[in-house]
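Q: quick one, fold the following:
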Amino acid sequence: MKTLDLKKEFHTLYVPSPRTISVVRVPRLQFLMIDGRVESGGAPGTSPAFQEAMMALYGMAYTMKFMLKLRPKNSIDYPVMAVEGLWWVEDGVFDISVKDNWVYTLLILTPKIATPKIFETARNEVRRKRGDSPALQSIRLAEFAEGLCMQVMHIGPYADEPATIARLRTFAAANGYEDLVGRGGKHHEIYLGDPRKADPAKLKTVLRHPIRKVK
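A: This is a model prediction of the structure:
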């Protein structure tokens, strides 16, 4: 059985330093994706639609993994990657501390061996086991090329992210880059810890913002 390790293959994208901000160029990669919106007055942690999206996304990711691992020929095993979130607003100003106007795309990086045919077979299997749902219907398999970005590992509770984002923006200004979040770009979080289990002070979250060089 062949084994893939996407986290190792894309180590610079998924295990950045917490001390040093890095500039990376993110290539075109394949993801499971689902879109949504935080309800007015809510937050991701209290949004029923967000929780349903997470459950459907994980259900698809693990079903595809075991389909590929257990197939009779050319079986492949790989760890399911962390959930990621792209966050933005469609009106007003993006504010990391105000979340009830956020729009999102949740993603899980998926190997290219997971074809559209495998994806649809997996969806039918999840539907057979758990029943259908709007979230399951909404998941798609698609490619995303993020391009030039700056990133850093944030260690600590999500509530402390504003200080780390301020570091990113200071870095961009000092090194001749423009932070594109709020200018058509999307705030990107990669959740390497489980907030239900981890000590909040030790939570690890990759924070990534698209940038462009100032002429």
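Q: for Met1, see how far away the residue nearest the centre of the chain is.
A: When Cα atoms, centre = their mean is applied to the chain, the residue found nearest the centroid is Glu84 (1.3 Å). Glu84 sits 27 Å away from Met1, going by Cβ to Cβ, to the nearest Å. The way it works is simple: take the backbone N, C-alpha and C, and place the C-beta from them, glycine included.
Q: which helices and strands does the lowest-mean-pLDDT helix or strand in the chain pack with?
A: Least confident element among the helices and strands of the chain, by mean pLDDT, DSSP states H and E: strand 2-3 (a mean of 88). Under the contact criterion of 3 or more Cβ pairs under 8 Å, 6 or more residues apart in numbering; DSSP states H and E, strand 2-3 touches strand 76-77.
Q: ok, the strand it packs on: who's next to it in the sheet?
A: Looking at strand 76-77 with DSSP bridges, its partner strands are strand 2-3 (parallel).
Q: list the buried residues in the top helix by length along the chain.
A: In terms of residue count, the longest helix belonging to the chain (DSSP state H) is helix 48-70. By neighbour count with 16 or more other Cβ atoms under 10 Å, helix 48-70 contains the buried residues 50, 52-54, 56-57, 59-61, 63-65, 67-68.
Q: what sits against the closest residue to Asn101 other than its chain neighbours?
A: In this structure, Asn101 finds its nearest non-sequential neighbour in Val89, 5.2 Å apart by Cβ to Cβ, 6 or more residues apart in numbering. Contact partners of Val89, counting by Cβ atoms under 8 Å, 6 or more residues apart in numbering, are Asn101, Trp102, Val103.
Q: just Thr3 next, same as before
A: Neighbour list for Thr3: Ile76, Asp77, Tyr78 [criterion: Cβ under 8 Å, 6+ apart].
Q: kindly report the same for Val152.
A: Taking Cβ under 8 Å, 6+ apart, we find Val152 in contact with Pro16, Ser17, Pro18, Thr20, Ile21, Ser22, Thr164, Arg167, Leu168, Val206, Leu207.
Q: now Arg28
A: Glu143, Phe144, Ala145.
Q: name the SS class of the first one, please.
A: What it means is Glu143. Three-state assignment for Glu143 (DSSP: H, G, I helix; E, B strand; the rest coil): strand.
Q: that one against Gln30, yeah?
A: Yes - using Cβ atoms under 8 Å, Glu143 is in contact with Gln30, at 5.4 Å.
Q: sorry, back to before: which of the contacts of Val152 fall in strands?
A: Counted as lying in strands by DSSP state E, out of those, are Ser22, Val206, Leu207.
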